[in-house]
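> Have a look at this prediction, sequence included:
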Amino acid sequence: MKKRDRDTRNYTRLTHPLVRDHRNGPLRRASWDEALARAADGFRTARVEHGPDAFAMLSCARATNEMNYVAQKFTRVVMGTNNVDSCNRTCHAPSVAGLSAVFGSGGGTSSYAEVEHTDLIVMWGSNARFAHPIFFQHVLKGIRSGARMYAVDPRRTDTAQWAESWLGPNVGTDIPLAHAVGREIIRAGLHNTAFIERATSGFEDYRALVEPWTLSLAEKVTGVPAAAIRDLAHAYATAERAQLCWTLGITEHHNGTDNVRALINLALLTGHVGRFGSGVQPLRGQNNVQGGGDMGAIPNRLPGFQDILDDEHRAKFERAWDTVIPPRYGMTLTDMFEAMEHGTLRAVYCIGENPAQSEADSEQAMRRLQALDHLVVQDIFLTRTAEMADVVLPATASWAETDGTTTNSERRVQRVRAALAPPGEAREDIDIICEVAERLGHDWKFADAEAVWDELRSLSPDHFGMTYGRLEEHQGLQWPCPDPELLPSSFLHGRLWAADPGERGRAAPFGLVEHDPPVDLTDEEFPIRLTTGRRLDSYNTGVQSGSFASPLRRGEYVELCPEDAERYGVTVGEQVRVASRRGTVEAPVWVDPGLRPGLAFMTMHFPDEVDTNSLTIEANCPIAGTAEFKASAIRIEKLPVPAARSHQG
Amino acid sequence: MTSIPLGPPRRLIEFTLDGEPVRTPEGSTVLDACRAAGKDVPTLCEGDTLRPKNACRVCVVEVEGARTLAPACSRRAEPGMEVRTDTERTRHSRKLVLELLASSVDLSTTPRAAEWIEEYGAEPDRFGPDAARLGESPRIDNDLYVRDYDKCILCYKCVDACGDQWQNTFAISVAGRGFDARIAVEHDAPLTDSACVYCGNCIEVCPTGALSFKSEFDMRAAGTWDEERQTETTTVCAYCGVGCNLTLHVQDNEIVKVTSPHDNPVTHGNLCIKGRFGYQHVQNRD
């Protein structure tokens, strides 16, 4: 296959602040003083004229815990609102919402090492071999030590190739599949009655809920053979220890939180949670998407998972910060974009995020951002979002030019250290936020990242035991770590197994969730289901990963199964038009035998080449606000092909 | 509730090392005990993240009562055994191994090779100028790795790292037998036509520099590679939520190479293509 000449956009670092003098004027270079003053003035104006809730902060799931802590403190103390969120909303917010609702805490319950010592691994909606390669090495260790792995994914991925059994449900039928597994476990008497009685609630309702989902009905709805569903149910229920892992295949749906609840139900049914080697684990997509939420950079929680609606928690922070925190939840990222549309949100401070390209229905997102009175973007590149800003502030790269910590998918807080001097006048995120805060009347002084961390530790019991010294000594520690002497447990919720009901705490509720097919229905006009995901060598909107010379990179393609390619008369490399109800893009064809008829695949890695998110639908999960990136309806249109091109494929 | 299995407690066993009594946890190797006792035993094919391969024989020690010398990297320590690391026999054997390797392979980028050759009085030249050499120029078929098989001692570490011990990609293997044995991808094709996923985990374990990052290779060729001037800083990768630890090797404020700590609980020294090579965006400075 001949390599296409690709006009990739290469981002260079921002080295000095930029401001815009009037609405449609160009960005021009400015001094730090001028840029910071303008940034602060715009926020002040929005607050004075429209109230604190006219402001929102988009914090960064790639920056350090310390930066996220300061960003949410800025939002709550300086601006007086809880409108702080991050792009975790576009990926794993349903996991956090689902896990919190069941267990009271939004983290995966196990550690990577436990996957090596388990008996059964279910990878549901996760192509970890590509998206989380080093986690998958732990899975492979488990498989090599005798664990059996089941892959559940509409695509037969590289992950599925390692599975004992691959279950390929139709996109958006995870709940029927999970319910059928649950029903089969109950029907065969393999559910853990002792655990269900002692540690869970709502079992009878759950039993009634799943009762209609017989194997044959599930086969009809999901497309997975009844025998395969039965096999998964029996394998999961009879395993001594089992890990249930998922990624965005579960969460990026309009009912992502329901999907997560449907999976957790299976763990509750079998007692595969709260023990070494048994647990449920969402694999997080960004280096600090766990930590951003842990630090309170979400609209409903204060740092350390402390609920804003809880008077005691709020009072503790109000004392420490000498402020008043509004006793109500702020806007999620999704709410924010809707508020932009309605004109209630006027000023946004966007740190290290690129929502103009990462949001579903990207054209709509751009239009909404343009409607703001004041947009400040703090980033290391002039992203599409930064190009729309009134003030652009050049920051350091958090992972290579900043000291601090990040928290990974197994809740491990690890040290991040500065290795490079930042370019030009770029400054650390925390310094910049403090400068803006100072101009708005709040004189914060943090000597360094450790000082921020120690303030957080003093307010978050779950982080109290993690000093920088201990993080260094143990190569990271997992929360909850309340004790500065003891090592934390590798898994969560062991309490559910306690004999004493007091120690056991709140029973984990079964999630009573119903099947709800994808919003964007396929029909004669848009007959193909498009799902999206990642490739091995690329990352998200490609701003980071576009710069290195990967021999694997081949640009954006619309991937079809061989049967569909034949049906539409298209060949590998042929440029086609891909249309959804929202937009149209042109992309070359790739043929992947891992797909099946009626299913197409694209990534979001090359938005400057092919803007995949102009096809996706902004149908949001009502609980977590995550959009349905995984299920759009499209059609493929053949283009008149110039003779020269048709021979290239 | 289930408690965390700690594994059976490891007893300490006692044996004699160079005439001194030493205690080491049951199941550890003679090499582990030597290192714990501060003894400097040379190794090439031994890897702290890999199972012993016993390929190079440069770490041999003398075990009382054994007919042959034993490779310290794989010989388990046993109670009451008497081990000598620095005898006439071990020195002679190591000298010969170094002579055979250095006469047939370019050890110029093997850390400590020159030091050992001097220490053991090895004379690689004594086999004459016709000693078997591959005489092949480095293979540069992509922008990330260079394979210079003139420097390959056939220790198999890269094969193990790419294979079932870590990466499970199986892009490389040993082709040919005897004098013709060499590391190759299927059909000895360019890397770009192989199963390689460019994780660089083979480079992480290569003891001689036969496999190297293109960045290092180019700088060495230009004479600008200078480890004295490099700093090593361990941080966390920014590409996904797994949280792999990256050690950034920085020279003149440029990242020149990325490795990972071998004892890290997340990575065990392994990375993927993004963590290993995806750093250029931070230094696109103008």
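Yes, it's here.

> by contact count, what packs against the helix or strand where residue B:221 lies?
Using DSSP states H and E, residue B:221 sits within helix B:214-222. For helix B:214-222, the packing partners by 3 or more C-beta pairs under 8 Å, 6 or more residues apart in numbering or on different chains; DSSP states H and E come out as strand B:145-147, strand B:254-259. C-beta here means a position set from N, CA and C on the backbone, and glycine is covered the same way.

> all helices of the stretch 1-150 of chain B, in order?
Listed in chain order, the helices of the stretch 1-150 of chain B (DSSP state H, counting those that start in this stretch) span B:30-36, B:88-104, B:113-119.

> Can you mark which positions in the last one are buried?
Neighbour-count burial for helix B:113-119, with 16 or more other C-beta atoms under 10 Å in any protein chain shown as criterion, is recorded at B:113, B:116, B:117.

> quick one: contacts of that helix?
Helix B:113-119 has contacts (C-beta atoms under 8 Å, 6 or more residues apart in numbering or on different chains) with B:42, B:58, B:94, B:98, B:102, B:107, B:122, B:124, B:208.

> Tabulate the helices of the stretch 1-150 of chain B in TSV, adding columns for mean pLDDT.
Listed next are the helices of the stretch 1-150 of chain B as TSV, based on pLDDT from 0 to 100:
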stretch	mean pLDDT
helix B:30-36	95
helix B:88-104	95
helix B:113-119	96
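
> if I look at the closest residue to residue A:521 other than its chain neighbours, how far off is residue A:526?
Distances taken as C-beta to C-beta, 6 or more residues apart in numbering or on different chains place residue A:633 nearest to residue A:521, at 6.1 Å, with adjacent residues excluded. Look at residue A:633 and residue A:526: by C-beta to C-beta, to the nearest Å, they are 4 Å apart.

> what residues do those two have in common as contacts?
Contact with both residue A:633 and residue A:526 is made by residues A:520, A:580, A:581, according to C-beta under 8 Å, 6+ apart.

> could you pick out which of these are near chain B?
Near chain B, taking C-beta under 8 Å from any C-beta of the partner chain as the test, no member of these is found.

> Now, of these, which are buried?
Among the shared contacts of residue A:633 and residue A:526, those that count as buried by neighbour count (16+ other C-beta under 10 Å) are A:520, A:580.

> got the contact list for residue 18?
Defaulting to chain A. Residues in contact with residue A:18 (C-beta under 8 Å, 6+ apart) are A:27, A:28, A:29, A:30, A:35, A:382, A:389, A:391, A:392.

> that's the wrong chain, I wanted chain B
Neighbour list for residue B:18: B:39, B:83, B:84, B:85, B:86 [criterion: C-beta under 8 Å, 6+ apart].

> quick one: contacts for residue B:90?
B:60, B:61, B:62, B:69, B:84.

> Can you tell me which of those residues has the most neighbours?
Comparing those by number of neighbours (other C-beta atoms under 10 Å in any protein chain shown), residue B:61 comes first, having 27 neighbours.

> List the beta-bridge partners for that residue.
Assessed by DSSP bridges, residue B:61 has beta-bridge partners residue B:70.

> pLDDT at it, what is it?
Listed pLDDT for residue B:61 reads 97.

> With the one 10 residues further on instead?
The confidence metric pLDDT takes the value 96 at residue B:71.

> do you know how far it is from residue A:202?
60 Å.

> again, but for residue A:505
Distance, residue A:505 to residue A:202, using C-beta to C-beta: 16 Å.

> Mind checking which of those two has more residues around it?
The residue with more neighbours, out of residue A:505 and residue A:202 and counting by other C-beta under 10 Å, is residue A:202; that gives 17 against 14.

> okay, now residue A:82: neighbour count?
Quick note: residue A:82 (other C-beta under 10 Å) scores 27 neighbours.
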